[in-house]
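Chemist: Sequence first, then the predicted structure, then my questions.
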Amino acid sequence: AQSVTQLGSHVSVSEGALVLLRCNYSSSVPPYLFWYVQYPNQGLQLLLKYTTGATLVKGINGFEAEFKKSETSFHLTKPSAHMSDAAEYFCAVSGFTGGFKTIFGAGTRLFVKA
Amino acid sequence: GAGVSQSPSNKVTEKGKDVELRCDPISGHTALYWYRQSLGQGLEFLIYFQGNSAPDKSGLPSDRFSAERTGGSVSTLTIQRTQQEDSAVYLCASSPRGGLASSEQYFGPGTRLTVT
């Protein structure tokens, strides 16, 4: 069965430090990959997505992610964390069943320390 | 423009009662999804509507759950005989290019359901 694994339910970084949120998926076919962010008391919004083409994808607020097929990974990074990045981040996968079902990871809550 | 709206924002109900949750998608979006988000859990897919096609109901956890979409727009998720384990945030999302798994989804603010 297809699945999405986000390593670490909570990640804490200092302001200005590198942010790395990990996402691994299992799929027998090349999937479409997404990162969504949920700020406190707000709905989920798209951060970035990979469909085809360049494997390094840039999103909003300085985030980027790299699709590595050999590692079945789609880790999210940001060179320098800002206090406003504190939120919950969800990795999601679709396109593997021939339908439109999207599988979400359990989420990683990012804390940013001053 | 207006985003996805959901009502009510909060619902407290007694065990055994039926509840209806409403979703108004973004105008023109043909695809609509329902998810359930429990505390500490990711988003659990419930059901998907695309245009006039038969919905994908594969994620509905039991026959107490049902959903309909009228006129290709507004959707209602109904939970009959609610149980305490139904307590969660129910999220609705719509997508502008239904029929493409690569399309991003636009989420509503959710309905927090508490079953006492």
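Modeler: Received, thanks.
Chemist: residues in contact with the residue nearest the centre of chain B?
Modeler: Nearest to the mean C-alpha position of chain B, by C-alpha atoms, centre = their mean, lies B:W34 at 3.0 Å. The contact partners of B:W34, by C-beta atoms under 8 Å, 6 or more residues apart in numbering or on different chains, come to B:23, B:46-48, B:67, B:75, B:77, B:90-92. Using the backbone N, CA and C atoms, a C-beta is placed for each residue, glycine as well.
Chemist: Strands of chain A, start to end?
Modeler: Along chain A, counting by DSSP state E, strands occupy A:3-7, A:10-14, A:19-26, A:32-38, A:44-50, A:56-58, A:64-68, A:73-78, A:87-94, A:102-104, A:108-113.
Chemist: of all these, which lies closest to B:G16?
Modeler: Across the strands of chain A, B:G16 has its closest neighbour in strand A:102-104 (30.0 Å, C-beta to C-beta).
Chemist: Up against chain A, what does chain B have?
Modeler: Residues of chain B lying close to chain A by C-beta under 8 Å from any C-beta of the partner chain are B:3-4, B:31, B:33, B:35, B:40-45, B:48, B:50, B:56, B:58-59, B:91, B:93, B:98-102, B:104-110.
Chemist: at 7 Å instead, please
Modeler: B:31, B:41-43, B:45, B:48, B:50, B:56, B:101-102, B:104, B:107-110 (C-beta under 7 Å from any C-beta of the partner chain).
Chemist: By pLDDT, give me the weakest of those.
Modeler: Among these, B:A101 has the lowest pLDDT, at 69.
Chemist: same for the lowest-mean-pLDDT helix or strand in chain B, what does it pack against?
Modeler: The helix or strand of chain B with the poorest confidence is strand B:43-50; it has a mean of 91 (mean pLDDT, DSSP states H and E). Counting contacts by 3 or more C-beta pairs under 7 Å, 6 or more residues apart in numbering or on different chains; DSSP states H and E, strand B:43-50 packs against strand B:31-37, strand B:65-69.
Chemist: Right, I'll call it a day here.
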